[in-house]
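Asker: Here is a sequence with its predicted model. Questions after.
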Amino acid sequence: MKEIKVKWPLNPQETVLYKANAVYIKSKFQAKQGAVYITSERIVFETKPMLMFLLFGVIGWLLARNKKTNEFQLADITNFQRTKHGLNKKVAEFELIDGSKYRFGVAGKWEDFDLAYQKAILDVQPLFSVK
């Protein structure tokens, strides 16, 4: 399996399990393009500077830095489900302990994303358990 490189620091013992191009769906009319990463400890969304590409072409896009927009610990996730947004039926919705929700439209095969998430969540001990 090929190692996935990231531009942000990983915690000790943390490994990147999966990367997919994605769209962070902030609201009905607001979204950001980028990539979503599943690590052994967290979910990270990294935005891609599309405005720099539009203004300055490929050189501007290469010079602009990607940045982490959202990240949250796997242990904070209370609910994960597949939903849809418009015509996109491959939207991952994460609900966290604090009640916040994050939605990412995932490119590529949904099954690969779901499998990587399920493998990552198996190793995480939840902060609480519901019986």
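Answerer: Perfect, I can see it now. Note that the structure is a prediction, hence the values are computed from the model and not measured.

Asker: any idea which element the most centrally placed residue in the chain lies in?
Answerer: Centroid check for the chain by CA atoms, centre = their mean gives V36 as the closest residue, at 2.9 Å. Secondary structure assignment for V36, by DSSP states H and E: strand 31-39.

Asker: same check, this time on D112
Answerer: Going by DSSP H and E, D112 is part of helix 110-122.

Asker: so what does that helix touch, helix or strand wise?
Answerer: Other elements packing on helix 110-122 under the criterion 3 or more CB pairs under 8 Å, 6 or more residues apart in numbering; DSSP states H and E are strand 16-25, strand 31-39, strand 77-85, strand 88-96. Bear in mind the C-beta positions are built from the backbone N, C-alpha and C, glycine included.

Asker: buried stuff in the longest one?
Answerer: The neighbour-count criterion (16 or more other CB atoms under 10 Å) identifies V16, L17, Y18, K19, A20, A22, V23, Y24, I25 as the buried residues of strand 16-25.

Asker: Could you list the low-confidence segments of this protein?
Answerer: 1-2, 49-68, 125-131 (pLDDT under 70).

Asker: Please name the bridge partners of the spatially closest residue to E3 that is not a sequence neighbour.
Answerer: Spatial nearest neighbour of E3, excluding adjacent residues (CB to CB, 6 or more residues apart in numbering): V16 at 7.8 Å. Residues in a beta bridge with V16, per DSSP bridges, are T39.

Asker: and if you look at V91?
Answerer: The partner residues for V91, given DSSP bridges, come to T83, G105.

Asker: so what's E71 up against?
Answerer: Going by CB atoms under 8 Å, 6 or more residues apart in numbering, E71 touches R42, I43, V44, F45.
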